[in-house]
Structure formats: structure tokens, C-alpha cells
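[1] Show me how the following folds:
(chains A, B, C and D)
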Protein chains: 2
Amino acid sequence: MSIITIKMLANELHLSIATISKALRDSHEISVETKQRVFELAEKLNYVPNPYASSLRKRKSKTIAVVLPEVADSFFSFAINGIETIAQEKGYHVLIYLTHEKFTKEAAIIKDFQGGRVDGILLSVSSETKETSHIKELLSRNIPVVFFDRVCEDIPTAKIITDDFESGYKATRHLIERGCRYIALLSISNSLSITNKRMEGYKKALLDSKIKIRQSFIVPCTNDTDHNYTLVSNLMKRKIKPDGILATVEKLTPTIYLVCKDLHLRIPRDVKVVIFSNLQTASILNPSLTTIIQPAFEMGKAAATALFKALEKSNTDLEKESLVIP
Amino acid sequence: MSIITIKMLANELHLSIATISKALRDSHEISVETKQRVFELAEKLNYVPNPYASSLRKRKSKTIAVVLPEVADSFFSFAINGIETIAQEKGYHVLIYLTHEKFTKEAAIIKDFQGGRVDGILLSVSSETKETSHIKELLSRNIPVVFFDRVCEDIPTAKIITDDFESGYKATRHLIERGCRYIALLSISNSLSITNKRMEGYKKALLDSKIKIRQSFIVPCTNDTDHNYTLVSNLMKRKIKPDGILATVEKLTPTIYLVCKDLHLRIPRDVKVVIFSNLQTASILNPSLTTIIQPAFEMGKAAATALFKALEKSNTDLEKESLVIP
DNA sequence: TTTATTTACGAAACCGATTTCGTAGATTGA
DNA sequence: TCAATCTACGAAATCGGTTTCGTAAATAAA
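    Residues are numbered from 1 along each chain as shown, chains lettered A, B, ... in the order given. Coordinates of the predicted model:
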């Protein structure tokens, strides 16, 4: 008697399975006494309906997918927290998928959703993603998608992002105001709109202060920490070396620290560093580090909220683009 | 034509749905030519089988659940990463649930699994969990459970943990060797075996060095940051104040820092601090902080591996208790 | 009293795939 | 030549619920 079904309840109570099903759903066409009996037995036997049977019949899964590049980055940890919190409130289940920044994985994961595994998707695209047909296909199948943090500009759906241009601009201004004139930008991919916007903010800030933009100071890093070390190290060994660094992704932080340590550069005396991060601890642990904190938890909640709005009724998502300011 | 089913393929090719199903599963009883035709059409129409229909029929979901207290803690972020990596390799899907350290939520989430939503569970119990009947019920329904990090001692199943006694002992020794004599232990719950073991290690280290164990130096913190601030602040305002702090959970880090800052205590001059953490960045960011790094990613992988072993064939889990050393 | 309506429930179709079993036609064996 | 065996496929049951529709009995309305 490992798993109990509605049929067992029906036999036990000498009722039909239809009656049991209706009783459990508190249907008005079942008498209160019968409902009572059904509830009691279900409670006693610890009956839990098979979710797959009802998903199949009802053609909805009460499940959403969260597709992320990585969770090592604390941004996504907080985001998951926000998402799960909302999902639990709404009675939804949350499937997690990691693309590890690989386009092929992302495409495979998303293709699977065409089978109807999930009712909706929260997506933060991989840094390799340039082509978006796999996502469009989902939308054409009427499966709502909400982007957060890492978005695809060309897809007409809700996008939950921070004002990256503004942040990039302000961060750069911050460095300029503190006397930096040779400011490097450490970025990660060049197809991601998010890093691009930060870069535009960075460039604008330099232009506004009439500081020359040096292409050689804009360093596209990779996912390979060792390689990044080399890149940053080479950067800091130039004859004209940066006196300020703006890192657009959190995971570059240790690398930057290591390089500076190894080259005997002191932060912030020799070089000032600003990073985009979610380590609220970072600023406490080391006051010499300036961090731009993204409201990850809130973004997760906002993204989930937008998705559920779309799931509850069908209307345009486009309108619901929220720009959260850090 | 939003969602395509096996029936549509059957109509299109003038075959029965049985034939299509078998062809897609590469059955030997279907001719190669027919299979070829089926594959081509499936490919062309981008057919993805409905997972709920096949889960229902096959009585397995190819899905596991990960139940965690919280993901704000970076330990669990890394663990998720490890788990998802293994799950993806094995072709499994991963559902995430957060208990927010609440027993009632944990119980509700786990009860839902009795309906057969998942084939197996990775569990790290909430700090409130003392009673374990909800977990035993799962095992009696033959749904495998693997504990990781936060375990229930009384349940006979695989447990993936670090050697917490040893870590607690070593951390305390570390402080003693650096001259600390008044060492405080900041913990979080007293029902969690993990913190208890760390505490035992702490006590043993004190005993071995013939240092008196002061009950008042063992502070059970909560999930309320403000409250924790008060607790730690009061601790540090004592006439006999600690010259060493051992924090068993990562999230206390900012609190400790803030308190010390506000009381003008310098780390590590006035008070030395050791924390259990997964912020690999922590030690880089601030060398004055000693961290005990838990191999979260590896623990996640180990836990997932153990679970899949149980899912692939039925044998005892008990044997597979691995003790990973930090 | 007769008809209309309501109440409370059951039979059966259905969701989309999997799987067992049956069988027409082709092939092989004696 | 006729039985035995394969081959390649289809009919139908099945998984466990949900939902539509039908209906006997009870109640209300005429």
C-alpha cells in the first residue's frame, strides 16, 4: 500500500472515483456528509493526488522553470530566493536549470519546455546567446517568458532589469570624482545587453569628463579564472596602467584582488575598484571596495510576479518592463 | 497548432500512435524506413513528448527535489550548482523548495512528495525540525531521501556531511593557539546536529587546553539580524569580553563585523574571528578573517550522486554516508 | 396529483503517452 | 506444399486524475 490513489478511496467508501474527485475539490454537487467522509479518509490515509495525472488532464503543470547561467554568482542565489518565495505563495513549483553559460545547453533546456513541462519561464540568457529562435518558438507556443537581468532586446516580452546604463555611468563618475583618469572596464561578454549598457554608461561618463576612451582598457574577460588572471595582470603591467577599475561582474572580484596583491598594488591607494555585486558582505568586509549592489531578491520577486500575472490572465507582457534602480 | 502530440504525427503519417511511440523509442519492432519517416517528421514539427503523460504511465518523473532552508547562504548556492550539474548529466530535472527554516513549511513541502511528484529528495532540514515523521513517511513509501549538511541523526539513510566535530575543534584550536582564552561560540539553533557537533568540537578543544567553558559565551542566535546584533553586542560589552569568536554560520559575519565596528573593536587585534563560510572571496577580501570553507559544490555533487545511485537500483543507502573533510 | 426542478451521485470520455497482446502477410523449414 | 516462424504494425488497456453528461430519487411548483 505504498501509494494510494483516488480509486482506493472510492472502494473504501463505496463511492465512484468521480464522486471522490469532486468531493476533494469541494464541489457543490456533493453532499456535505459525503464530503466529510471523503475528507476524513483522505486525511487518515494521507492521500496526496498524483500531480502528473492532474497536470495531464488539466493541461497545466503549476510549475515554472528558472533558467540561469550559473548560481555561483550570488546575484542568482538571491534571485532564486525571491522567485521561490513568490512561487510558493502562488502554489507553484520551481524547476531550476543551469546553462553554465553555454548556448547549446540553453537551447536544449528550452526546447524541452515545448512539451509542456512548465507553464512559464524565467530566463536569464547565457553570455553565448546571440540567436533567439529557441525562445521565440516558446512564445509562439504561448508559453510566457520573462527575462531578468540578462535579456534579449529583440524579444517582445517582460524584462526585469536594473538601469545598467545609469549604473555604469554612476560607477565611472564615482571613480572620476576620486581622481581616476585611467579607468579600465572589465567586462565578460560582448553580446550581453546588460554589460553593453554598462559599457555605454562607462563611455558616456568618460566622454562627459573629456577623458579619452582607450579601447585597450576595455577588457573582455572569460569564464576561465586563470585566463582572466592573465588578462588583468597584463592590463596592470602596462606602461600606462589604470588607476581605476570598473568590474561589471562579481566573479572577477577575487581575480582583481589577487592580481593587485601579486603586483603589490594597493587598493584603493594605487588603484580604485568598483564592482557590480551582491555580496552585501563585501562592503563590510572590505571598505576599500566600492560595490554597486543589485537588488537581486527584489528582481527575482518582480520577475516572478510578472510571470504569474501573465499566467493568470493573457494580456501583453511588453508593458510590464520594470526598470529597477540599484 | 500550438502543441503537437503523438496523435498528430500518427495522422500525418497514416500510422497508429503505438507505432509512433515505438518508433520514437527506437523499438526493434518497427522497420528502419518507418522509424526514419517518424524521426524526420518529429524533427520537422519540433515534437517534444508530454512529460506528464509519460511520467504518469511510467510511474516515474525523472525529477528530484532539493529542499533547503535558504539560499541566501552561499553554501546552498554552491550546493545547488553541484546538484544541478549531476542531475543534468543523468537527465533529471530539479525542483527547488525553500523552507525558510520553518518546520511547517518543510512538512507541507515534503507531504506533497507523497503524491509521486519526485523520484527522490535531497534534504537539508530546517533549524526548527525536531520531529521527523514526515520524512519517515516518505521512506516508507520507498522514496529515497539523501541528507546533506543538515541531517537527522535518527533516520537511516545516506547523509552527506562535513566532519563538523573536527572542524569545530580545529577552529577553536586555531584561536587558542593565537592566544585567545575567552572564546565565544555563536551558533544558530540547538536542535541541529551540525551546529551541535561543531559545539562539541569547540568544547573539546577548550577542555583539552584546560580552558573553562563559559555557558554565557555560547550564544544561540536567530534568523533575525537585528536581534542577533543585540545579542552579539551584549556579548561584547561584558566585563569579561571574548577575545575570540567562532561563528558556526556564515550569515552572522556581517553582524559580527558591524558590532565590532560600532564598539571600536578591531579584528583581529582586539578579537579574532573564525567563521564557517563559503565565501571564497571572504578570505581574499579581508585577510583578518579566518574562514573554514565547506566544500559545498562537492557536497552537492556527492549528495546527488548518492541519490542517483539509489534511484538506479534499490539497495541500502546507509552505507553511503560520506564524511567530507573541509 | 402531475409536472418541473433540484440534489447527489455514477458512467464514461478524456488528457498523451506506453505497453501488452493480437494478427495479417511475408519468409523459412521440412 | 503446408506448417512454423518472423516482421511490422494496430487495437486497446493503462497510468490517475478531471469533467461532462445522464439519471434516479427527492423536493417544489402548478
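[2] helix, strand or coil for whichever residue of the stretch 151-300 of chain A sits closest to DNA strand C?
    Distance from DNA strand C to each residue of the stretch 151-300 of chain A (Cβ to the nearest atom of the strand) is smallest for A:Thr157, at 24.2 Å. In short, each C-beta sits where N, CA and C put it, glycine included. Recorded secondary structure, A:Thr157: coil (DSSP: H, G, I helix; E, B strand; the rest coil).
[3] secondary structure element for A:Lys309?
    helix A:296-312 (DSSP states H and E).
[4] Same check on A:Val146?
    strand A:145-148.
[5] before we move on, what about A:Val274?
    Here A:Val274 sits within strand A:272-277, counting by DSSP H and E.
[6] now what about that strand, what contacts it?
    A:74-75, A:167, A:171, A:174-175, A:178, A:180, A:198, A:243-250, A:252-253, A:256, A:267, A:282, A:288-294 (Cβ atoms under 8 Å, 6 or more residues apart in numbering or on different chains).
[7] for stretch A:292-299, same thing?
    A:74-79, A:81-82, A:148-149, A:160-162, A:167, A:170-171, A:274-278, A:280, A:283, A:324, A:326.
[8] let's go with 7 Å and repeat that
    A:75, A:78-79, A:81-82, A:148-149, A:160, A:162, A:167, A:171, A:274, A:276-278, A:280, A:324, A:326 (Cβ atoms under 7 Å, 6 or more residues apart in numbering or on different chains).
[9] ditto for stretch A:34-48
    With Cβ under 7 Å, 6+ apart, stretch A:34-48 has contacts from A:4, A:9, A:12-13, A:19-20, A:23-24, A:26, B:111-112, B:114-115, B:137.
[10] Could you pull out the buried residues of it?
    A:Lys35, A:Arg37, A:Val38, A:Leu41, A:Ala42, A:Tyr47, A:Val48 (16 or more other Cβ atoms under 10 Å in any protein chain shown).
[11] and of these, the nearest to B:Leu307?
    A:Val48 (20.8 Å; Cβ to Cβ).
[12] Taking the stretch 51-200 of chain A, what residue is nearest to chain B?
    Residue nearest to chain B within the stretch 51-200 of chain A: A:Gly115 (3.5 Å; Cβ to the nearest Cβ).
[13] That residue contacts B:Ala53, doesn't it?
    No - A:Gly115 is beyond contact range of B:Ala53, at 9.1 Å (criterion: Cβ atoms under 7 Å).
[14] Where does A:Asn11 sit: helix, strand or coil?
    helix.
[15] ok, for A:Lys204, nearest residue in space, not its chain neighbours?
    Sequence neighbours aside, A:Tyr169 is the residue nearest to A:Lys204 in space, at 5.5 Å (criterion: Cβ to Cβ, 6 or more residues apart in numbering or on different chains).
[16] Buried ones only from the contacts of stretch A:34-48, please, as a PyMOL command.
    Command for PyMOL that selects the buried part of the contacts of stretch A:34-48, burial taken from 16+ other Cβ under 10 Å:
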select buried, (chain A and resi 4+9+13+19+20+23+24) or (chain B and resi 112+114+115+137)
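[17] okay, the contacts of stretch A:34-48 in JSON lines with pLDDT, distance to DNA strand C and secondary structure next?
    Putting those into JSON lines (pLDDT from 0 to 100; distance: Cβ to the nearest atom of the strand, whole Å; DSSP: H, G, I helix; E, B strand; the rest coil) gives the following:
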{"residue": "A:Ile4", "pLDDT": "92", "distance to DNA strand C": "18", "secondary structure": "coil"}
{"residue": "A:Leu9", "pLDDT": "96", "distance to DNA strand C": "11", "secondary structure": "helix"}
{"residue": "A:Glu12", "pLDDT": "93", "distance to DNA strand C": "12", "secondary structure": "helix"}
{"residue": "A:Leu13", "pLDDT": "96", "distance to DNA strand C": "8", "secondary structure": "helix"}
{"residue": "A:Thr19", "pLDDT": "97", "distance to DNA strand C": "3", "secondary structure": "helix"}
{"residue": "A:Ile20", "pLDDT": "97", "distance to DNA strand C": "7", "secondary structure": "helix"}
{"residue": "A:Ala23", "pLDDT": "96", "distance to DNA strand C": "7", "secondary structure": "helix"}
{"residue": "A:Leu24", "pLDDT": "97", "distance to DNA strand C": "13", "secondary structure": "helix"}
{"residue": "A:Asp26", "pLDDT": "94", "distance to DNA strand C": "12", "secondary structure": "coil"}
{"residue": "B:Lys111", "pLDDT": "96", "distance to DNA strand C": "24", "secondary structure": "helix"}
{"residue": "B:Asp112", "pLDDT": "97", "distance to DNA strand C": "20", "secondary structure": "helix"}
{"residue": "B:Gln114", "pLDDT": "95", "distance to DNA strand C": "20", "secondary structure": "helix"}
{"residue": "B:Gly115", "pLDDT": "95", "distance to DNA strand C": "15", "secondary structure": "helix"}
{"residue": "B:Glu137", "pLDDT": "92", "distance to DNA strand C": "27", "secondary structure": "helix"}
